[in-house]
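Colleague: here you go, sequence then predicted model.
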Amino acid sequence: MNRTRWLVFSISVFVFSTIALGISLWLFIYWYIKVRSGLQSLMIRFNISQTDVASVHTWVVITVLSILVGLILIGLFLIFYYNLKAFQLFRMQKNFIDNFTHELKTPVTSLRLFLETFLRHDLKREEQVKYLNAMIEDVNRLSSTIGSILNLAEIQGKTYAGHFEVRDIVSFTSRFIEKNRHVFKNAVIRMDNRTSDPCCFCRINDNLFEMLLMNLLTNAVKYNTSRTPRVDILFEQQNNKYIVRFIDNGIGIPRSERKKIFKKFYQAGDAQTRSAKGNGLGLYLVAGIVKVHRGTIQVEAAPGDSGTDFTVTLPAAETPAAGEEEGRT
């Protein structure tokens, strides 16, 4: 519900609740001051027993007042519910701004310190390389944050207008890894197609699926203390769905935090002891991308002593005609 509809709905509920409350009070006063005197006059005129009429009158009043009180309570509940939702939205907006500001200021501050160091001191070549690598890392972090923010609005939309095509996600993933080998140069990434077919066709958006792969593989390598980070990508089939599992040998995710990691700006672990830097948007984007592709995502502990097993399930697409699937990345 957009802001205007929410505002109109809340005001309408409040107005109708107030009207119902006013009507109930008016009826109460009317019945007990005017109608009651009229009934008494009629009973006297037609010589009717006051006991019979009073009992009927009482039930009518009780029924009508109960309905009105029920409407008032429902209205008040709806007002409370939507006020609560409004408060949650306000808090999310505040957290979003605070986190976004922090993620922008931190690398900018770091870059400024490095540049001031270059300006004030004559540095040796080794120190220059060290600081330049740190600056490149800050620039990459800044670029990643801005890119994630720019993609958020598009992913969050109920109707994503991107172009989807049938792709073999096995060959697509293989080409993506080869193209970005320099990003994962210190990691071992293995693929295993366990389906009965050499190709797994799904209807995907190329850019979004690349973003999904980049985030999951980057996290697997970043949050990894092993001497050789390893990621196994398994392709499996279940009925009319394909399952892609990303199993790494990283530090793992505690069970209590597995449902929270897909929330916006959430980062697992203690902020004071966390070694790897992130913006808390990567897995949120991944979950959004999977949703746009009408799929699901789960996270479990990887088999063994450590690591994480991300499972992405996507609906299978019909096998395209020969030459239709270009398989570009």
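Modeller: Yes, it's here.
Colleague: just say helix, strand or coil for Tyr235.
Modeller: No Tyr there; residue 235 is Phe. Classification of Phe235 by DSSP: H, G, I helix; E, B strand; the rest coil places it in strand.
Colleague: just use 154 as the starting number from now, easier for me
Modeller: All right, first residue 154 from here; so that's Phe388.
Colleague: ok, now which ones touch it?
Modeller: 322-323, 344-348, 353, 395-397 (Cβ atoms under 8 Å, 6 or more residues apart in numbering). Where you see a C-beta, it was placed from the backbone N, CA and C, and this is true even at glycine.
Colleague: wait, isn't Trp184 in contact with Val214?
Modeller: Yes: between Trp184 and Val214 there is a contact at 5.8 Å, judged by Cβ atoms under 8 Å.
Colleague: so Ser219 is in which element?
Modeller: Taking DSSP states H and E as the criterion, Ser219 maps to helix 203-273.
Colleague: any idea of the angle the helix or strand that that helix is followed by forms with helix 203-273?
Modeller: Once helix 203-273 ends, the next helix or strand along the chain (criterion: DSSP H and E) is helix 278-309. Between the axis of helix 278-309 and that of helix 203-273 there is an angle of 160 degrees, by axes from the mean of the first three to the mean of the last three Cα atoms, to 10 degrees.
Colleague: and the next helix or strand past helix 278-309?
Modeller: strand 318-321.
Colleague: gap between that next one and the chain center?
Modeller: In terms of Cα atoms, centre = their mean, to the nearest Å, the centre of strand 318-321 is found 25 Å from the chain centre.
Colleague: now swap in stretch 261-269 and tell me
Modeller: 33 Å.
Colleague: in it, what counts as buried?
Modeller: Buried residues in stretch 261-269, counted by 16 or more other Cβ atoms under 10 Å: 263, 267.
Colleague: run through the stretch 354-482 of the chain and note the low-pLDDT ranges.
Modeller: 418, 420-432, 474-482 (pLDDT under 70).
Colleague: the strands in it, which residues?
Modeller: Counting by DSSP state E, counting those that start in this stretch, the stretch 354-482 of the chain has strands at residues 354-357, 383-391, 394-401, 449-454, 461-468.
Colleague: would you turn those strands into a markdown table with distance to Lys416?
Modeller: Shown next, in a markdown table, are these (distance: least, Cβ to Cβ, whole Å):
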| stretch | distance to Lys416 |
| --- | --- |
| strand 354-357 | 24 |
| strand 383-391 | 24 |
| strand 394-401 | 19 |
| strand 449-454 | 13 |
| strand 461-468 | 16 |
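Colleague: out of these, which gets nearest to Ile227?
Modeller: Ranking the strands of the stretch 354-482 of the chain by proximity to Ile227 (Cβ to Cβ) places strand 449-454 first, at 35.0 Å.
Colleague: who are the packing partners of the closest one?
Modeller: helix 435-445, strand 461-468 (3 or more Cβ pairs under 8 Å, 6 or more residues apart in numbering; DSSP states H and E).
Colleague: buried ones only from the contacts of Phe388, please, as a PyMOL command.
Modeller: In PyMOL, a selection of the buried entries from the contacts of Phe388 looks like this (16+ other Cβ under 10 Å):
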select buried, resi 322+323+346+348+353+395+396+397
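Colleague: gap between the closest residue to Tyr284 other than its chain neighbours and Pro473?
Modeller: Nearest residue to Tyr284, sequence neighbours excluded (Cβ to Cβ, 6 or more residues apart in numbering): Phe267, at 5.0 Å. Per Cβ to Cβ, to the nearest Å, Phe267 is found 50 Å from Pro473.
Colleague: now Asn293
Modeller: In this view, Asn293 and Pro473 are 36 Å apart by Cβ to Cβ.
Colleague: check whether Gly405 really touches Ser459, as I assumed.
Modeller: Yes: between Gly405 and Ser459 there is a contact at 4.9 Å, judged by Cβ under 8 Å.
Colleague: neighbour count winner among those two?
Modeller: Higher neighbour count among Gly405 and Ser459: Gly405, with 21 against 14, using other Cβ atoms under 10 Å.
Colleague: quick check: the gap between that one and Leu365.
Modeller: From Gly405 to Leu365 the distance is 21 Å (Cβ to Cβ).
Colleague: ok, Asn393 next?
Modeller: Note on Asn393: its distance to Leu365, by Cβ to Cβ, is 20 Å.
Colleague: so which of these two has more stuff around it?
Modeller: Higher neighbour count among Asn393 and Leu365: Leu365, with 29 against 8, using other Cβ under 10 Å.
Colleague: got the contact list for the closest residue to the more buried one other than its chain neighbours?
Modeller: The shortest distance from Leu365 to any non-neighbouring residue, by Cβ to Cβ, 6+ apart, is to Ile442 (4.7 Å). Ile442 makes contacts with 308, 361-362, 364-365, as judged by Cβ under 8 Å, 6+ apart.
Colleague: by neighbour count, which of those wins?
Modeller: Leu365 (29 neighbours).
Colleague: so when I look at Met344, I'm seeing a strand, right?
Modeller: Yes: Met344: assigned to a strand according to three-state DSSP.
Colleague: beta partners of it?
Modeller: Legend: beta-bridge partners of Met344 under DSSP bridges are Ile386.
Colleague: need the per-residue pLDDT for it.
Modeller: For Met344, the pLDDT comes out at 96.
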